[in-house]
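1. following is a predicted model, sequence given first.
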Protein chains: 2
Amino acid sequence: MAAVKKSVSVKDVARLAGVSEQTVSRTVHDSPSVRPETKERVRAAMRELGYRPNFAGRSLRRGKFKTVGVAMFNITGTGNLDRMEGFAAAADKHGYAITLTKVDGHPYTLESASSRMSALPVDGMVVIMNRMPADFGTFEPLPGMQTVLVTMLEHPLCSTVDNDQFDCSRQVVEYLMGRGHKTVHFISCPERSLSGMRREEGWRETLRAHGIEPPQLVRGDWTAQSGYAAGQALADDPTCTAIYASNDAMAYGCIRGLESRGKRVPQDVSVVGVDDSLGDIVPDRRLTTVRFDNKRVGMWAVDKIAGADGGASGVEHMLIPGVLVEGDTVRDLR
Amino acid sequence: MAAVKKSVSVKDVARLAGVSEQTVSRTVHDSPSVRPETKERVRAAMRELGYRPNFAGRSLRRGKFKTVGVAMFNITGTGNLDRMEGFAAAADKHGYAITLTKVDGHPYTLESASSRMSALPVDGMVVIMNRMPADFGTFEPLPGMQTVLVTMLEHPLCSTVDNDQFDCSRQVVEYLMGRGHKTVHFISCPERSLSGMRREEGWRETLRAHGIEPPQLVRGDWTAQSGYAAGQALADDPTCTAIYASNDAMAYGCIRGLESRGKRVPQDVSVVGVDDSLGDIVPDRRLTTVRFDNKRVGMWAVDKIAGADGGASGVEHMLIPGVLVEGDTVRDLR
DNA sequence: CGCCCAAATGTTAACGTTGCCATTGTGCAA
DNA sequence: TTGCACAATGGCAACGTTAACATTTGGGCG
């Protein structure tokens, strides 16, 4: 076997190019105070030896890692892929990398995510909150570790960012009422979902703002089956001309449930979902739904950390509105 | 504002605990050659100062980062979330972290992914290949950087792992023929998809192994719409009692297309998909499909790198079979 | 011709950690 | 009592990089 190749350092390059280590370093950073011909000689040496700057040495010297940590309690979850796309895009823009960590939620605390991250080479961290951590109120970010939470709740010490669930419901209700519907029925989600409850509030309060008492909601569990049952239940309600479901799976289930009772969508009943998750899966329908920009949520989080870099930037709270996408499941009654 | 807190180093802890830096280090690593009471004193000092071992110093000293890099050309893609779950789980198991990088595919080469990674604090890398990189044949992994490719193709210098697409088709065809179907029709995907083409081969060759000439396939484009069209087209073919679609969206589209022509599923025609991606979206059907274990794929890749640790482990190629999940869209003709 | 300035390059030290080897202390056998 | 093994701890150096400062060189100008 050939000689075991130790990693190539500036020293090796310097020796080969016949310059000092500092000149090599300056060349790496393309400093203007190195003569072009010297630079070229150094670059040639780097190429010949296959020099790669050592991350550890550099970070040790600089005290910065140019890396943002992302802590997730659950990796699988609606929109996480888009959020990651956003993390990666924003990191790329700033010359940062992303370090991903799964935190097992026992206990489900910000503290456990934080201490997990503290051992990693990161300058700041993003925590994706799926539900309410036990220490949400009391948590303090590690000193020097800028922390951004992906949640709709506001935190006194950490910046937060998420989709605007309240506004989502407002948009849907306004949209339906703008098309002549007198009220909007709602298929909710389990009560433990933060974002789901916020959607429910938005629905309720927007109706009330129109002087309408919200009808009895039908509680679902995110699945199409529960939407199906809800659709069947609502099919017999003559006041029900418009249904807003907490996600697309329930919306689609609801449509099928309505159809199973002889109701046509949108002729008899209009249905709107949330998430734009059906995509190409349903062939004969284009569901009217709300599309969230999770990529933008991810970008915002990483921008906040990488963009601040040295300068400590203040705590901010950001809610990013979704966009209502018109399909063919809503009838205009006007 | 309070004094700006420099990071706490072993030196600070050593001073406070009245021991040497080395003893602190030994305490961190729980070496047996430190007296329990000394350890406790050191630990108390660490707690008081909030000491966190510095990653850069440690990595510099050790020459290892305990981190695996994951390079993706496209982050959004079927199964990526599950794969990441696998990456994270395996990394966790070995005490490793995951560093995620999006490589913009211009050019779409392994070399560009590799050089991107070389600047990052990683000991090895995983590349998720979506299509054929231009330099697949000639690529050489960076020295000292164990490289695993997520692809079904074999590579002479890099280990590879992916779902077994051929076996997937074999399972489906065997399953349908085992239930008395005389042949299996196929809805394919666009020709540029590696995995899709492999599914097609599996379908074709398994039929031939049964002495059956594969019928004309219907080319789809992954969308339910194309499945719908395919279903309508196949509805008039009297020899068609079983259809195998390259993904679930097309399978579901196909079912709706068949129904639109008065065919019932599964009474008249059986339909099988691939991917188990419909999940809870379709309320009144449980599609028979093949579920891939993408988490296991991700775990295998990271295990290969983190598990080898020091010892160079050889190049391996792994194909992980999927599992056929029975739903209610297949009729037993026997 | 000497002086000063600027450009180009070199030298040193430090970032935090830990492997190696040296030193000190303690108990036990010869 | 001496010698020796072993347990516990300390000192030192090095990992690769780069900021800060030091030095050299060459050129312009009085």
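-> All right, it came through fine.

2. which helix or strand contains A:Val24?
-> Using DSSP states H and E, A:Val24 sits in helix A:21-28.

3. could I get the average pLDDT for that helix?
-> Averaged across helix A:21-28, the pLDDT comes to 93.

4. output it in CSV with nothing but the alpha carbons.
-> The C-alpha trace of helix A:21-28 is given here as CSV (Å, rounded to 0.1, in the frame of the first residue of the first chain):
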residue,chain,number,x,y,z
GLU,A,21,2.4,29.8,5.4
GLN,A,22,0.9,33.2,5.8
THR,A,23,1.3,33.9,2.1
VAL,A,24,-0.6,30.6,1.4
SER,A,25,-3.3,31.7,3.8
ARG,A,26,-3.5,35.0,2.1
THR,A,27,-3.8,33.3,-1.3
VAL,A,28,-6.6,31.2,-0.1
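
5. what's that helix packed up against?
-> Contact partners of helix A:21-28 among helices and strands, from 3 or more Cβ pairs under 8 Å, 6 or more residues apart in numbering or on different chains; DSSP states H and E: helix A:10-17, helix A:36-49. In short, each C-beta sits where N, CA and C put it, glycine included.

6. and those helices as JSON lines, adding mean neighbour count?
-> As requested, those are exported to JSON lines (neighbours: other Cβ atoms under 10 Å in any protein chain shown):
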{"stretch": "helix A:10-17", "mean neighbour count": "19"}
{"stretch": "helix A:36-49", "mean neighbour count": "15"}
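
7. save the ones you listed as TSV, and put in distance to DNA strand D and mean pLDDT too.
-> Below are those laid out as TSV (distance: least, Cβ to the nearest atom of the strand, whole Å; pLDDT from 0 to 100):
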stretch	distance to DNA strand D	mean pLDDT
helix A:10-17	4	91
helix A:36-49	10	91
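
8. so which of those comes closest to chain B?
-> helix A:36-49 (11.4 Å; Cβ to the nearest Cβ).

9. just the residues contacting the closest one, thanks.
-> Identification of contacts with helix A:36-49 by Cβ atoms under 8 Å, 6 or more residues apart in numbering or on different chains yields A:8, A:12-13, A:16-19, A:23-24, A:27-28, A:30, A:34, A:51.

10. which stretches of the stretch 51-200 of chain A form helices?
-> A:55-62, A:80-94, A:110-118, A:165-178, A:194-209 (DSSP state H, counting those that start in this stretch).

11. do you know which of those lies nearest DNA strand D?
-> Across the helices of the stretch 51-200 of chain A, DNA strand D has its closest neighbour in helix A:55-62 (3.0 Å, Cβ to the nearest atom of the strand).

12. which helices and strands does the closest one pack with?
-> helix B:55-62.

13. could you check the angle the helix it packs on makes with helix B:21-28?
-> 100 degrees (axes from the mean of the first three to the mean of the last three Cα atoms, to 10 degrees).

14. mind listing what's buried in helix B:55-62?
-> Buried residues in helix B:55-62, counted by 16 or more other Cβ atoms under 10 Å in any protein chain shown: B:Phe55, B:Ala56, B:Gly57, B:Arg58, B:Ser59, B:Leu60.

15. return only those of these found close to DNA strand C.
-> B:Ala56, B:Gly57, B:Arg58, B:Leu60 (Cβ under 7 Å from any atom of the strand).

16. wait, what's in contact with the first one?
-> In other words, B:Ala56. Counting by Cβ under 8 Å, 6+ apart, B:Ala56 has contacts A:Ala56, A:Gly57, A:Ser59, A:Leu60, A:Phe65, A:Pro121.

17. can I get those in CSV including pLDDT?
-> Formatted as CSV, these follow (pLDDT from 0 to 100):
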residue, pLDDT
A:Ala56, 92
A:Gly57, 93
A:Ser59, 92
A:Leu60, 92
A:Phe65, 91
A:Pro121, 91
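
18. of those, which ones also sit close to DNA strand D?
-> A:Ala56, A:Gly57, A:Leu60.

19. tell me where chain A has strands.
-> For chain A, strands defined by DSSP state E occupy the ranges A:67-72, A:97-102, A:124-128, A:146-150, A:159-163, A:185-188, A:218-219, A:242-245, A:270-272, A:289-291, A:317-320, A:323-325.

20. quick check: which of these is buried the most?
-> Stretch with highest mean neighbour count among the strands of chain A: strand A:242-245 (a mean of 29; mean count of other Cβ atoms under 10 Å in any protein chain shown).

21. helices and strands around it, which ones?
-> helix A:165-178, strand A:185-188, helix A:224-235, helix A:248-260, strand A:270-272.

22. the same query, at a cut-off of 7 Å, please.
-> Packing partners of strand A:242-245 (3 or more Cβ pairs under 7 Å, 6 or more residues apart in numbering or on different chains; DSSP states H and E): helix A:165-178, strand A:185-188, helix A:248-260, strand A:270-272.

23. in the stretch 151-300 of chain A, what residue comes closest to DNA strand D?
-> A:Met299 (26.8 Å).

24. and that residue, how far from A:Lys93?
-> 8 Å (Cβ to Cβ, to the nearest Å).

25. neighbour count winner among those two?
-> A:Met299 (22 against 13; other Cβ atoms under 10 Å in any protein chain shown).

26. residues contacting that one?
-> Counting by Cβ atoms under 7 Å, 6 or more residues apart in numbering or on different chains, A:Met299 touches A:Gly86, A:Ala89, A:Ala90.

27. now the first one. Nearest residue, chain neighbours left out?
-> This means A:Gly86. Distances taken as Cβ to Cβ, 6 or more residues apart in numbering or on different chains put A:Gly298 closest to A:Gly86, at 2.4 Å, once the chain neighbours are dropped.

28. roughly how far does the one you found sit from chain B?
-> Distance from A:Gly298 to chain B, counting by Cβ to the nearest Cβ, to the nearest Å: 10 Å.

29. for that residue, give me its contacts.
-> A:Arg83, A:Met84, A:Glu85, A:Gly86, A:Phe87, A:Ala90.

30. need the per-residue pLDDT for the residue in the stretch 151-300 of chain A that DNA strand C sits nearest to.
-> For the stretch 151-300 of chain A and DNA strand C, the shortest gap (Cβ to the nearest atom of the strand) falls at A:Leu157, measuring 24.1 Å. pLDDT for A:Leu157: 94.

31. my read is that it contacts A:Leu142, right?
-> No. The pair A:Leu157 / A:Leu142 is not scored as a contact, 10.9 Å apart, by Cβ atoms under 7 Å.

32. more neighbours, these two?
-> Legend: neighbour count by other Cβ under 10 Å for A:Leu157 and A:Leu142, higher for A:Leu142 (16 against 11).

33. hmm, the more buried one is touching A:Arg116, no?
-> No. Using Cβ under 7 Å, A:Leu142 is not in contact with A:Arg116; the gap is 11.0 Å.
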